[in-house]
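Trainee: the following comprises the amino acid sequence and a computationally predicted model.
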Amino acid sequence: MARRGFQQGSLFQRGTRRKVWVARWWEDVIQADGTLGRLRRSEVIGTVAPFPTRRLAMQVLSQRLGSINIGKARPQSVRTFGDFVKDDWSPVVLPTLKYATQKHYRYMLDVHLNSAFGQRQLRELTREELQSFLSRKLSDGLSWETVHHFKCGLSKILGAAEEWGYITENVAQKTKLPRRLHGTERVVLTPVQVGDLAAALDERARSITLLLVLTGLRIGELLALRWGSIDLKARLLRVAETVYDGHFDQPKTKRSARTIPIGTETADILAGLCPAAADPKALVFATREGLPLDRWNLLRKHLKPAAKKLGLPGVTWHLLRHSHATMLDVVGTPLGTMQSLLGHSTPDITREIYLHAIPEEQRRAVESVERLVFGPKWTQVRPSAQPPSSRMN
């Protein structure tokens, strides 16, 4: 397309208490049907306070029009954020993400992002507008983690729009969040509390609870565990899948796909659950139809009611994993061994070096956790046994 003629744009003031300079100019755009067109663009370039004269404001406008007048400006699309997400991003990018991540993105879009930006043209979104949105969400009481997810979601969507030529820059990358403040220290379960909780649960929920504490698996990893991934003789367990709302997927990260040793007590729990002729493809924990158990039903109907009766607030499946990690630390497990067992990934170079833990160190670590949980005075609660009357010290 031939370059349009040189333009100076126009300026006018708006507002009473807080006067601002509003600039207008013509801008080449890509219409919704893909053809080139031209639209009148209006933008606030600043308040009157730092630019008290029209001459100073015109200097700012001239800089803004510089790339247009020399022919370097690239036409941008007039598509709205909502249309782009619906017609382009969701059909192409969303299916490439893990099921749990897809579900999270749909929630963010439906509840927060589309209501804020759905009708806005992609080319008109500014860093200030996105920054104001994030700050407002923090002021509304949403957690730092939640608002950080919003920032990442916006950046991923606008990054695709930039890559596909709808906009010239991803303004979400220029937004900032305040420094993350450390909240109150996470409360984890003590070995005694683990024993009390296990005794208060019926079988299956009891075994799931103990296995999460003893192995540090994520709940999705445990509910996706198959008999073919367990070697009771060698006392090894292989994490090869995860499940979320009935959908199987690869483990969370590359390092989450791992093989970990299990102690004798953990092996005994699994042996008590194992049928005489176990199908290697069968799930360790499954419904009568062989389908994976629902983590939310187990949490709502079993774990939380039992924890509430014992006066243990805030108990979740993930808290059991944190309890395992804390016990690993208590018994003096090296950092690299802990990361290997838990399947954590980190960009930190030092931690990457420590990830090469030797198997014997891992086995000693998990056996030490077992001694913490069971102790010399506590008999394990077997699937067929009654809850013990004595407790560990």
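Mentor: Okay, I see it.
Trainee: run through the strands of the stretch 101-250 of the chain in chain order.
Mentor: For the stretch 101-250 of the chain, the strands identified by DSSP state E, counting those that start in this stretch occupy 230-231, 236-239, 242-244, 247-249, in order along the chain.
Trainee: redo those strands as a markdown table? Include mean pLDDT and mean neighbour count.
Mentor: In short, each C-beta sits where N, CA and C put it, glycine included. Listed next are the strands of the stretch 101-250 of the chain as a markdown table, based on pLDDT from 0 to 100; neighbours: other CB atoms under 10 Å:
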| stretch | mean pLDDT | mean neighbour count |
| --- | --- | --- |
| strand 230-231 | 94 | 17 |
| strand 236-239 | 93 | 19 |
| strand 242-244 | 94 | 22 |
| strand 247-249 | 93 | 15 |
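Trainee: out of these, nearest to residue 213?
Mentor: Between residue 213 and the strands of the stretch 101-250 of the chain, the tightest spacing by CB to CB is seen for strand 236-239, at 14.3 Å.
Trainee: what does the closest one contact?
Mentor: With contact meaning CB atoms under 8 Å, 6 or more residues apart in numbering, strand 236-239 is reached by 215, 217, 221, 225, 229-231, 251, 256-262, 343.
Trainee: now with 6 Å?
Mentor: When contacts are taken as CB atoms under 6 Å, 6 or more residues apart in numbering, the neighbours of strand 236-239 outside the stretch itself are 221, 229-230, 251, 258-262.
Trainee: who does it pair up with?
Mentor: Looking at strand 236-239 with DSSP bridges, its partner strands are strand 230-231 (antiparallel), strand 258-261 (antiparallel).
Trainee: export those strands to TSV and append columns for distance to residue 366.
Mentor: Rendered in TSV, the data for those read as follows (distance: least, CB to CB, whole Å):
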stretch	distance to residue 366
strand 230-231	14
strand 258-261	6
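Trainee: can you tell me the element residue 341 falls in?
Mentor: Secondary structure assignment for residue 341, by DSSP states H and E: helix 335-342.
Trainee: what distance do you get for residue 325 to residue 307?
Mentor: Between residue 325 and residue 307 the computed distance is 19 Å (CB to CB, to the nearest Å).
Trainee: neighbour count winner among the two?
Mentor: Neighbour comparison, residue 325 and residue 307: the larger count goes to residue 307, with 23 against 19 (by other CB atoms under 10 Å).
Trainee: pretty sure the more buried one belongs to a strand, no?
Mentor: No. Under DSSP: H, G, I helix; E, B strand; the rest coil, residue 307 sits outside any strand and is assigned helix.
Trainee: so who does it touch?
Mentor: For residue 307, the contacting residues are residue 315, by CB under 6 Å, 6+ apart.
Trainee: let's see 7 Å
Mentor: Counting by CB atoms under 7 Å, 6 or more residues apart in numbering, residue 307 makes contact with 197, 315.
Trainee: residue 323 too?
Mentor: Counting by CB under 7 Å, 6+ apart, residue 323 touches 188-189, 194, 213.
Trainee: for residue 180, which non-adjacent residue is spatially closest?
Mentor: Once its chain neighbours are removed from consideration, residue 180 has its nearest residue in residue 144; the separation is 5.0 Å (CB to CB, 6 or more residues apart in numbering).
Trainee: tally of neighbours for the one you found?
Mentor: Each residue near residue 144 was counted by other CB under 10 Å, and the total is 14.
Trainee: next: residue 155.
Mentor: Residue 155: 17 surrounding residues under other CB under 10 Å.
Trainee: for it, give its distance to residue 204.
Mentor: Relative to residue 204, residue 155 is positioned 42 Å away (criterion: CB to CB).
Trainee: contacting residues around residue 61?
Mentor: For residue 61, the contact set (CB under 7 Å, 6+ apart) comprises 9, 11, 23, 45.
Trainee: which residues touch the third one?
Mentor: Right, residue 23. Residue 23 is in contact with 9, 11, 43, 45, 61, 64, counting by CB under 7 Å, 6+ apart.
Trainee: now render these as TSV, adding secondary structure and distance to residue 365.
Mentor: What follows is the contacts of residue 23, written out as TSV (DSSP: H, G, I helix; E, B strand; the rest coil; distance: CB to CB, whole Å):
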residue	secondary structure	distance to residue 365
9	coil	67
11	strand	69
43	strand	59
45	strand	61
61	helix	65
64	helix	60
